[in-house]
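S.K.: fold the stuff below for me.
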Amino acid sequence: MSNIWSRRSLPPGPWGLPILGYLASLDPKNPHLTLTKLSKQYGGIYGLYLGGIYTIVLSDVKLVKKVLAMDATTGRAPLHLTHGVMRGFGLICAQGNLWKDQRKFVSTCLRQFGASKFGVRREELGAKIMLQVTNSITYLKEHGAKGVDPTDAFYHTVGTFMNELVFGLKYDRDDDTWQYIKFLQEEGIKNFGVAGPVNFLSFLRYVPKYKKVFDFIIDGMRRTHKIYHDIINDRVLNGAPKNILEAFLAERQRLGDAPESTQFYNDQQFAHLLGDVFGAGLHTTLTTICWYCLHMAANPEVQDKVHAELDAALQGREVTLDDQDLLPCTMASIAEVQRFNTVVPIGIPHGTLEELTVEGYRIPKGTMIMPLQWAIHTDPKYWDEPEKFKLEHFINEEGKFYRPEAFIPYQTGKRMCVGDELAKMLLFLFIANIMKEFRISADGDVNFQGLNSVTYCPLPQELIFTPRNQK
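M.R.: You can find the predicted model right below:
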């Protein structure tokens with residue numbers, strides 16, 4: 001906004017207040033709803049100021065795919081969290097050469113450990129997931145009939161799998177270190193929502209309300225990194241790496257004194273990367289499983305279809321990764337949950353590394369690009385009756401599961417979720433096997449209100465898991 005003439009070349013959008021921009025007009029609990037409403041007014045691309053950060057909101061899927069495929073949009077938005085707190089370390093907050101190197105590293109690790117579409121290691125990784133699925137089933141058979149919060153039921157088992165994949169560790173459910181890590185993770189995620197305005201108005205970090213929150217976030221980060229470094233220091237490489245921590249150590253050892261070792265494999269980057277992969281893998285998967293359980297409790301007719309399909313296809317055996325083509329209703333039910341309750345409703349914001357032109361509009365360098373997944377996943381242009389939970393959104397005329405163009409739960413483009421294949425494996429094996437074993441219900445109405453933080457999470461509530469073989 002250097003002058004009135006450059007303003008005319010920017011995308012249309014609402015005006016805001018001085019300093020605050022449009023920030024004060026956003027629904028603080030559900031900003032995605034405000035932004036979706038604006039997309040209906042201004043179209044698939046519009047611009048606004050959030051505090052001092054100029055932001056482009058994209059709500060047309062074709063436009064999202066086009067823009068996020070550009071090298072110029074692979075930066076991270078200039079938020080206080082990414083640049084001030086995380087200082088560009090890790091994978092989520094990184095950009096430039098650090099991001100390129102670390103994304104390639106993580107992608108290679110995940111494929112080597114079995115997160116791929118084919119191969120023997122995929123079967124091995126599936127077996128590790130199934131061990132935690134079995135532990136979940138045992139837990140629910142012991143506690144589910146009385147009513148349990150799905151978050152409590154699945155946090156430990158999904159977390160155990162991620163601990164093994166990232167750190168090569170397993171904790172008992174009541175282990176003090178694990179309980180402390182869980183506390184820091186859960187409270188940190190809740191506080192990110194409260195701290196949101198500080199991302200755009202960094203001076204708010206000195207206001208007592210926000211200072212207290214950010215002090216907790218920073219202190220929690222330091223404490224978790226201390227735990228990570230203790231794990232690292234105790235680890236001795238022996239043979240081929242079996243987890244991401246060992247793979248990082250091996251790569252650092254291989255690089256020796258090369259400049260890349262100092263640039264990309266230093267101690268700060270190590271801790272941030274481990275935290276990013278662990279946290280992202282755990283919380284997006286856990287949140288989706290929890291939303292799924294709520295939808296099954298609220299939609300017994302859908303649950304009946306999934307149960308009938310599982311019974312007919314499996315004849316009592318456990319579900320494996322090879323069964324996906326046999327279970328289109330089950331696959332569609334998972335996808336519909338991801339559409340209906342988009343876990344990251346405003347997407348992961350990108351930042352422009354240089355000025356570019358989109359649809360004839362000038363997008364300045366340093367702009368935040370927001371791919372509004374909630375608007376895309378609820379747009380009647382792409383979805384028939386998007387306000388309803390319908391398996392038909394993901395089943396074609398031949399009765400097979402398919403993914404429509406407007407379905408982007410893992411985002412899209414050069415920075416799409418690096419763990420999308422792992423996430424699909426986790427969700428399918430956990431959900432299909434839990435559904436095979438249990439009928440899910442609620443004692444009263446299901447609450448579909450969510451908490452917006454790092455992810456859009458359901459509020460705590462108990463559901464009843466009744467074993468299906470129980471007469």
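
S.K.: quick one, phi/psi of T455?
M.R.: T455 adopts backbone torsions of phi -120, psi 160, taken as degrees, to the nearest 10.

S.K.: count of neighbours near it?
M.R.: Taking other Cβ atoms under 10 Å as the neighbour definition, T455 ends up with a count of 21. From N, CA and C alone the C-beta is placed, and that goes for glycine too.

S.K.: give the contact list for it.
M.R.: With contacts taken as Cβ atoms under 8 Å, 6 or more residues apart in numbering, T455 has the following neighbours: I189, H283, T284, T287, V343, V344.

S.K.: ok so the fifth one is a helix residue?
M.R.: It stands for V343. No. Following the definition DSSP: H, G, I helix; E, B strand; the rest coil, V343 is coil and is not counted among the residues of a helix.

S.K.: do I have it right that it meets C290?
M.R.: No. Proximity of V343 to C290 does not meet the contact threshold set by Cβ atoms under 8 Å, at 10.0 Å.

S.K.: these two: which has the busier surroundings?
M.R.: Looking at V343 and C290 with other Cβ under 10 Å, you find the greater number of neighbours at C290, namely 26 against 23.

S.K.: I figured the more buried one hits P458, correct?
M.R.: Yes. Distance between C290 and P458: 5.2 Å, which falls inside the contact criterion (Cβ under 8 Å).

S.K.: give me the common contacts of these two.
M.R.: Going by Cβ under 8 Å, 6+ apart, residues that sit against C290 and also against P458 are P150, T151.

S.K.: is Q461 in a helix, a strand, or coil?
M.R.: When classified by three-state DSSP, Q461 comes out as coil.

S.K.: mind listing what it touches?
M.R.: Q461 makes contact with D149, L294, A442, V446, N447, according to Cβ under 8 Å, 6+ apart.

S.K.: pick the one among those closest to A72.
M.R.: Lowest distance from A72 to these (Cβ to Cβ) belongs to L294, with 39.4 Å.

S.K.: what about that closest one, how many residues close to it?
M.R.: Residues near L294, counting by other Cβ under 10 Å, number 21.

S.K.: for it, phi and psi?
M.R.: Torsion angles at L294 (phi, psi; degrees, to the nearest 10) stand at phi -60, psi -40.

S.K.: what distance do you get for it to P150?
M.R.: Using Cβ to Cβ, to the nearest Å, one gets 7 Å for the distance from L294 to P150.

S.K.: kindly report the same for I217.
M.R.: Per Cβ to Cβ, I217 is found 26 Å from P150.

S.K.: how near is the residue nearest the centre of the chain to W374?
M.R.: For the chain, T284 is the residue whose C-alpha lies nearest the centre (Cα atoms, centre = their mean; 3.8 Å). With the distance defined as Cβ to Cβ, T284 ends up 15 Å from W374.

S.K.: also L237?
M.R.: Distance check for L237 against W374: by Cβ to Cβ, it reads 44 Å.
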